[in-house]
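J.: Have a look at this fold, sequence not included:
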């Protein structure tokens, strides 16, 4: 018997409410955890939420400003549990697929496409693993879940994953190598992620860097909100981000706090496994409250709309 609590993720026009989507991801985690306990007597607390920060460019009530075609979530699993045995992890993933199907039905018909890929630059001893499901209704292109080995609050896992994302994206913005030529469609997603990374890390960035970055991010936002489709505009914005070295400012905001704990953000694959998903206190204090405030704002606005 399912105890999954479903939330109203989709509006009539297929727009997604990101507050409800985030709640749904945690509800899926809770139900998957309950079923592991019930069927295998394995107790695994799991935290989960949106990966990718689309909530940072949403309406005040949490609805996306345009249609979202790619769904992503991060799933945080505890270390040193029976999940270290591959057969138990496979069982959890099978349960997760079932719960995802139930959670998003009838709007989506999700089918497993791939499981077990390694997330680039994740921990070499305990790599993060990817689950990829496709939607046969084509309401969305796919749902991807990233399974990360350390049970922490969702907000902290999102902050820590920016370290990995920066390493992955550095090759596209590395001033020593020159600009990377890519398909404008893919560049567009990169640019959206640059906005999201900045909004996530902004409170940890120096005042000088914020002054430098704010007009560039504002210009990018303006283009995205009015619909960014022109190839020339996409390439121009990419060159703007590249020439203004934003990626280096993002690295700077993280480098110092992690260095104090003896961790090099340029070598995160080699961090001790206990430091997977770990955020220094000084970054938590600056970066967790703004994420929580965004969702508290969505909730308050949705409550208002009920009355």
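T.: Sure thing, it's come through. For clarity, every value in this text was computed on a predicted model and none was experimentally measured.

J.: What distance do you get for the closest residue to residue 91 other than its chain neighbours to residue 47?
T.: Spatial nearest neighbour of residue 91, excluding adjacent residues (CB to CB, 6 or more residues apart in numbering): residue 40 at 6.3 Å. Every residue, glycine included, has its C-beta placed from N, CA and C. Taking CB to CB, to the nearest Å as the measure, residue 40 falls 20 Å from residue 47.

J.: So which of these two has more stuff around it?
T.: residue 47 (24 against 15; other CB atoms under 10 Å).

J.: list the contacts for that one?
T.: 26, 29, 75, 76, 151, 152, 153, 154, 157 (CB atoms under 8 Å, 6 or more residues apart in numbering).

J.: Show me the beta-bridge partners of it.
T.: residue 76 (DSSP bridges).

J.: Need the pLDDT of it.
T.: Residue 47 carries a pLDDT value of 98.

J.: Kindly report the same for the one 10 residues further on.
T.: Residue 57 is assigned a pLDDT of 84 by the prediction.

J.: tally of neighbours for it?
T.: Using other CB under 10 Å, residue 57 has 17 neighbouring residues.

J.: next one: residue 21
T.: A count of nearby residues for residue 21, using other CB under 10 Å, gives 23.

J.: Skip the chain neighbours and tell me the closest residue to it.
T.: Of all residues not flanking residue 21 in the chain, residue 9 sits nearest, at 5.1 Å (CB to CB, 6+ apart).

J.: show me what contacts the one you found?
T.: The contact partners of residue 9, by CB under 8 Å, 6+ apart, come to 16, 17, 20, 21, 24, 104, 107.

J.: ok, now with 10 Å
T.: Counting by CB atoms under 10 Å, 6 or more residues apart in numbering, residue 9 makes contact with 15-25, 71, 103-104, 107-108.

J.: Buried subset of these, written for PyMOL?
T.: The buried subset of the contacts of residue 9, as determined by 16 or more other CB atoms under 10 Å, is captured in PyMOL by this line:
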select buried, resi 15+16+17+18+19+20+21+22+23+24+25+71+103+104+108
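
J.: Which parts of the stretch 101-250 of the chain are helices?
T.: Secondary structure of the stretch 101-250 of the chain (DSSP state H, counting those that start in this stretch): helices located at 154-173, 184-201, 207-226, 231-243, 246-260.

J.: which of these is buried the deepest?
T.: helix 154-173 (a mean of 20; mean count of other CB atoms under 10 Å).

J.: Please report how far the residue lying closest to residue 241 once chain neighbours are set aside lies from residue 248.
T.: Once flanking residues are discounted, residue 241 sits nearest to residue 194: 5.5 Å by CB to CB, 6+ apart. In this structure, residue 194 and residue 248 are 12 Å apart, going by CB to CB.
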